[in-house]
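Novice: make a model of this:
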Amino acid sequence: MTTLLSRLGLERREQRAWALYDVANSAWMTTIMTAVFPPFFVALATTAGVADAAARSRFAFATAISVILVGLTGPVMGAIADLRASKKRFLAAFVAVGVASSAALYFATSERWATALTVFVIGNVAVTSSLAFYNALLPAVAQPHEIDRVSMAGFGLGYLGGGLLLAANLAMISAPARFGIPDEGTAVRLSFVSVAVWWALFSLPLLRRVKEPVARLEPGEDASRGLLRVALGRLGETFRELRHHKDAGLLLLAFLVYNDAVNTIIRMGVIYGGEIGIPVPQMTATLVVIQLVGVPFAFAFGLLADRIGAKRVILITLAVYSGISIYAFALQTATQFLVMGILVGTVQGAAQALARSLFASMIPQHKAGEMFGFFGVFDRFGGSIGSMLFAATLATLGTSRPAILSLIVFFAIGAYLLSRVDVERGRLLAREAEAVTTGPGAQRRPVVD
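Specialist: Prediction:
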């Protein structure tokens with residue numbers, strides 16, 4: 001059993017505890033952000049007299065607001081968390097806000113549709129912000145030789161947890177009487193409560209078992225200047241340092257480009273399916289299938305990355321995604337849509353999780369919080385360009401088929417940029433930067449007010 005867990009990236013207790021947070025936050029991602037809340041909100045707003053198109057537009061705008069808020073605050077909070085050795089405290093705070101937001105959606109009504117949307121924005125900011133600190137803890141639980149497996153294990157367990165809860169919630173919503181629930185609306189609101197309970201429960205292992213990394217001052221930093229000033233100074237220095245850690249910076253750029261196409265497929269898949277006439281139940285079932293298919297392939301790609309390297313595995317997934325774009329351009333039936341979903345499930349986790357682990361291996365550990373603050377910005381903005389392309393193509397041509405085919409360009413550019421990343425050089429530079437803060441005269445555990 002120990003050997004099996006080691007091969008899967010779950011050998012040590014702290015690794016299993018860390019990976020379970022992917023199970024925790026996936027509840028929000030699948031049930032609230034993707035499958036249940038968007039149509040529920042549109043129904044609330046239209047019942048209150050808001051036009052359907054306006055309701056969808058406001059939901060999209062609110063989602064964009066949450067992305068912008070995280071983009072503006074994430075790197076600064078990451079720098080503060082690095083300075084104060086408080087990644088877990090930040091994560092716990094955002095978990096508390098996210099859990100409260102999930103539970104509060106139970107009280108959403110057509111009269112309070114605007115309040116419900118505001119609560120959704122708060123929850124979306126909380127889950128996205130928490131991921132930056134969660135990702136920043138990856139180097140603390142995984143050695144360089146196992147970091148790919150551990151990162152993929154998190155995604156694998158997240159797929160399993162998010163898929164199981166989504167399946168249970170969809171069963172409850174589709175047949176509320178079978179569960180002793182009076183109506184569908186109540187079942188939907190109870191699904192939000194289930195997310196709150198799930199998120200809180202599966203966050204506990206990380207908060208209890210994962211140790212907070214030691215904080216260090218950089219040479220020349222003065223703790224007496226105050227926390228915010230030191231954090232902002234370090235953030236500016238980190239941004240400039242990305243030119244020195246050029247391979248980590250180039251990986252970020254490659255990730256931004258290809259992840260835009262990946263997230264566009266995730267976010268626009270249901271809209272595209274509706275456009276070509278796929279019934280809603282089949283599309284919903286496909287979402288569950290994607291989650292469950294992702295579980296074994298996440299672990300399998302983690303093992304493959306051990307053999308051939310994370311960079312090569314990501315390039316393989318981008319080639320598969322290019323094939324998916326071609327297949328999606330021509331698909332016509334619900335069965336073909338399901339096949340597309342299965343193909344997406346096989347590579348979705350690897351394309352994202354291995355970028356996370358590869359980036360973690362090429363940054364100094366004492367700057368993981370702020371570095372992953374930047375990574376989170378690039379991750380969250382992924383899909384914005386592709387989504388706009390979908391909207392423009394649909395408005396101009398009356399169909400989004402050319403847009404889904406054009407995503408091949410994103411995968412090709414992302415693959416080209418990734419091919420230019422020198423992984424070993426990037427890792428060497430990161431270790432050299434760490435040596436500066438651990439050698440003679442380095443300052444540990446700074447106290448800044």
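Novice: how distant is the longest helix anywhere in the chain from the center of its chain?
Specialist: With secondary structure taken from DSSP state H, the chain has its longest helix at helix 52-84. Helix 52-84 sits 13 Å away from the centroid of its parent chain (C-alpha atoms, centre = their mean, to the nearest Å).
Novice: buried ones in it?
Specialist: 55-56, 58-59, 62-63, 66-67, 69-71, 74-84 (16 or more other C-beta atoms under 10 Å). C-beta coordinates here come from the backbone N, C-alpha and C atoms, glycine included.
Novice: moving C-terminal of it, what's the next helix or strand?
Specialist: Proceeding N to C from helix 52-84, the next assigned helix or strand is helix 87-104, under DSSP states H and E.
Novice: next secondary structure element downstream of that next one?
Specialist: That would be, after helix 87-104 and using DSSP H and E, helix 113-136.
Novice: tell me the angle that following helix makes with helix 87-104.
Specialist: 150 degrees (axes from the mean of the first three to the mean of the last three C-alpha atoms, to 10 degrees).
Novice: I'd say residue 78 and residue 132 touch.
Specialist: Yes - counting by C-beta atoms under 8 Å, residue 132 is a contact partner of residue 78 at 5.8 Å.
Novice: and for these two, which residues touch both?
Specialist: Counting by C-beta atoms under 8 Å, 6 or more residues apart in numbering, the shared contacts of residue 78 and residue 132 are 369, 372-373.
Novice: any chance of those residues in a markdown table with pLDDT, secondary structure and neighbour count as columns?
Specialist: Formatted as a markdown table, those follow (pLDDT from 0 to 100; DSSP: H, G, I helix; E, B strand; the rest coil; neighbours: other C-beta atoms under 10 Å):
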| residue | pLDDT | secondary structure | neighbour count |
| --- | --- | --- | --- |
| 369 | 71 | helix | 31 |
| 372 | 77 | helix | 30 |
| 373 | 70 | helix | 29 |
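Novice: nearest to residue 407, of these?
Specialist: Nearest to residue 407, judged by C-beta to C-beta, of these is residue 372 at 26.0 Å.
Novice: what distance do you get for the closest one to residue 209?
Specialist: Counting by C-beta to C-beta, to the nearest Å, the gap from residue 372 to residue 209 is 20 Å.
Novice: quick one, helices of the stretch 151-300 of the chain?
Specialist: Using DSSP state H, counting those that start in this stretch, the helices of the stretch 151-300 of the chain run over 184-209, 227-241, 246-275, 280-308.
Novice: out of those, which is the most enclosed?
Specialist: Among those, helix 246-275 has the highest mean neighbour count (mean count of other C-beta atoms under 10 Å), at a mean of 21.
Novice: tell me what it is packed against?
Specialist: Using 3 or more C-beta pairs under 8 Å, 6 or more residues apart in numbering; DSSP states H and E, the elements in contact with helix 246-275 are helix 280-308, helix 310-330, helix 334-361, helix 368-381, helix 384-397, helix 401-419, helix 423-438.
Novice: and if we set it to 7 Å?
Specialist: helix 310-330, helix 334-361, helix 368-381, helix 384-397, helix 401-419, helix 423-438 (3 or more C-beta pairs under 7 Å, 6 or more residues apart in numbering; DSSP states H and E).
Novice: I'd like to check the angle between it and helix 423-438, please.
Specialist: 120 degrees.
Novice: so where's the stretch 201-350 of the chain shaky on pLDDT?
Specialist: Residues of the stretch 201-350 of the chain meeting the criterion pLDDT under 70: 215-239, 241-242, 267, 270-271.
Novice: try it again with 80
Specialist: Scanning the stretch 201-350 of the chain for pLDDT under 80 picks out 214-244, 263-264, 266-276, 280-281.
Novice: give me the number of residues near residue 109?
Specialist: Per other C-beta atoms under 10 Å, the neighbour tally for residue 109 reads 13.
Novice: for it, what are its contacts?
Specialist: residue 44 (C-beta atoms under 7 Å, 6 or more residues apart in numbering).
Novice: check it and give its pLDDT.
Specialist: Note for residue 109: predicted pLDDT of 95.
Novice: next, find the distance separating it from residue 117.
Specialist: For residue 109, the distance to residue 117 - C-beta to C-beta - is 12 Å.
Novice: what is the neighbour count of residue 322?
Specialist: 18.
Novice: with residue 404 as the reference, measure out to it.
Specialist: Counting by C-beta to C-beta - residue 322 and residue 404 are separated by 11 Å.
Novice: cool, and residue 199?
Specialist: Applying C-beta to C-beta to residue 199 and residue 404 gives a distance of 32 Å.
Novice: repeat that for residue 33.
Specialist: 21 Å.
Novice: between those two, who's got more neighbours?
Specialist: Shown here are residue 33 and residue 404; by other C-beta under 10 Å, residue 404 has more neighbours (27 against 20).
Novice: shouldn't that one be in contact with residue 327?
Specialist: No - the criterion here is C-beta atoms under 7 Å, and residue 404 misses it with residue 327 at 9.6 Å.
Novice: just give the nearest non-adjacent residue to residue 252, would you?
Specialist: residue 378 (5.4 Å; C-beta to C-beta, 6 or more residues apart in numbering).
Novice: what's the local residue count around the one you found?
Specialist: What residue 378 shows, counting by other C-beta under 10 Å, is a neighbour count of 20.
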